[in-house]
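[1] My questions concern the predicted model and sequence given below.
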Amino acid sequence: MSVLSSVAVAPLQTTPNPDPWPDSVNELLAQYGGLVGKAIAFVVAFFVVWTLARLVLVPIAKRLLKGAGYDETVLSLADSLLGALAVVLAIAIAFTVAGFGQVIAAFATLAGALALALGFAAQDLLSNFVAGVFILKDKPFEVGDWIEWNDMSGRVEDIDLRVSRVKTFDNERITVPNSELANNAVKNPVAYDKLRQKFVFGIGYDDDIEHARSVIVDEAETNPGILDDPAPDVRVTELADSYVGLQSRFWIANPSRSDFTRIRSDFVQSVKERLDAETIDMPYPYRQLTGAVETTVTDSESRSTATDD
């Protein structure tokens, strides 16, 4: 006996795809209401945070920097950086309020990796940048100052955040990275309103020291570029092989390279002419060779001479 069984197969039922284009406002709100709400929350949060940062935080930070004595260049840079920071902060808070925290986490990871890569690639640039900020803040020198560093000298033409431009006294321009000026000793001879100069005059051992001293001081006092207060003075500083060294010390006001060169040259020339007129010797070193030259004749040279005879 065979048993026949029949299996009824139910027809497959498929769920129709929803229409992507809603036909009514209710369908629009049902499908996209959550996304629209998040978008509105993002826009509102961004606008509020960005407005508060630009109107409150940025002015306070700039006021603090200005009170600390930072240069206008640094303040302008700070305004740009703080503006960019306000935008980044507003975007981050807006994403968080809108419920997209995972986007912020991914963005932070990517930004950290990019910052690390850029930091390694731009070490020298960042070093010069930081040095420029400190130069503009501490003001070891300013535009127009005459500075000396690493056996180089010149007048500062411009101070930027990355480099400083110096005009040499041979009318050449040197572009110096700020890190070189920040990490080395820089001499600023014109930082104050007065500058002392020194020059050594050599007189003979038989000359009158007091007489020569009075001549040098008198010439300094008659030079209009040399200050009377502090008064110029002369001191014996050397007993050299051929002369007695008299070091003159004098001060000039409002020092600059041109004034320094001219005043020093006029003073030295006038002292030289006056010492000559006063018959005060200004000796220079000389050497005199004395003695005899001994010669020796070898045996071969003696035999050769005898053979010739």
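    Nice, thanks for sending it over.

[2] C-alpha from now on. contacts and neighbour counts both.
    Noted.

[3] tally of neighbours for the residue nearest to residue 188 when sequence neighbours are not counted?
    Counting by C-alpha to C-alpha, 6 or more residues apart in numbering, residue 147 is the residue found nearest to residue 188 once chain neighbours are left out, at 4.6 Å. Residue 147 sits with 22 neighbouring residues when counted by other C-alpha atoms under 10 Å.

[4] just residue 164 next, same as before
    When neighbours are counted by other C-alpha under 10 Å, residue 164 registers 22.

[5] Now it: which helix or strand?
    strand 163-167 (DSSP states H and E).

[6] For that strand, report the contacting residues that lie outside it.
    Applying C-alpha atoms under 8 Å, 6 or more residues apart in numbering, the contact partners of strand 163-167 are 128, 132, 154-159, 173-178.

[7] Could you list every helix and strand that the helix or strand that it is followed by packs against?
    Following strand 163-167 in sequence order, the next helix or strand is strand 173-177 (DSSP H and E). Where contact means 3 or more C-alpha pairs under 8 Å, 6 or more residues apart in numbering; DSSP states H and E, strand 173-177 is packed against strand 163-167.

[8] who does the strand it packs on pair up with?
    Strand pairing for strand 163-167, using DSSP bridges, gives strand 152-159 (antiparallel), strand 173-177 (antiparallel).

[9] could you dump these to a markdown table with mean neighbour count and mean pLDDT?
    Conversion of the strands paired with strand 163-167 to a markdown table gives the following (neighbours: other C-alpha atoms under 10 Å; pLDDT from 0 to 100):
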| stretch | mean neighbour count | mean pLDDT |
| --- | --- | --- |
| strand 152-159 | 18 | 89 |
| strand 173-177 | 17 | 92 |
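
[10] wait, which of these is closest to residue 262?
    Ranking the strands paired with strand 163-167 by proximity to residue 262 (C-alpha to C-alpha) places strand 152-159 first, at 16.8 Å.

[11] who are the neighbours in contact with the residue nearest to residue 284 when sequence neighbours are not counted?
    In this structure, residue 284 finds its nearest non-sequential neighbour in residue 242, 6.5 Å apart by C-alpha to C-alpha, 6+ apart. Contacts of residue 242 were listed using C-alpha under 8 Å, 6+ apart, and they are 204-205, 283-285.

[12] Those residues in helices, which ones?
    Judged by DSSP state H, helices contain none of the contacts of residue 242.

[13] which one of those residues sits closest to residue 247?
    For those, the nearest to residue 247 is residue 204 (14.3 Å; C-alpha to C-alpha).

[14] burial count for the nearest residue in space to the closest one that is not next to it in sequence?
    Nearest residue to residue 204, sequence neighbours excluded (C-alpha to C-alpha, 6+ apart): residue 243, at 4.9 Å. Neighbourhood size, residue 243 [other C-alpha under 10 Å]: 20.

[15] wouldn't residue 243 be in contact with residue 205 here?
    Yes. Using C-alpha atoms under 8 Å as the test, residue 243 is close enough to residue 205 to be in contact (6.0 Å).

[16] Touching both of the two, which residues are there?
    Joint contacts of residue 243 and residue 205 (C-alpha under 8 Å, 6+ apart) do not exist.

[17] Can you list the residue ranges for helices in the stretch 51-200 of the chain?
    Secondary structure of the stretch 51-200 of the chain by DSSP state H, counting those that start in this stretch: the helices cover 58-67, 72-97, 101-121, 123-138, 178-182.

[18] Which of these has the lowest mean pLDDT?
    Mean pLDDT is lowest for helix 101-121 among the helices of the stretch 51-200 of the chain, at a mean of 63.

[19] still on that earlier bit, so which of the strands paired with strand 163-167 gets nearest residue 43?
    strand 152-159 (41.3 Å).

[20] Isn't residue 128 up against residue 162?
    Yes. Using C-alpha under 8 Å, residue 128 is in contact with residue 162, at 5.0 Å.

[21] Noted, bye for now.
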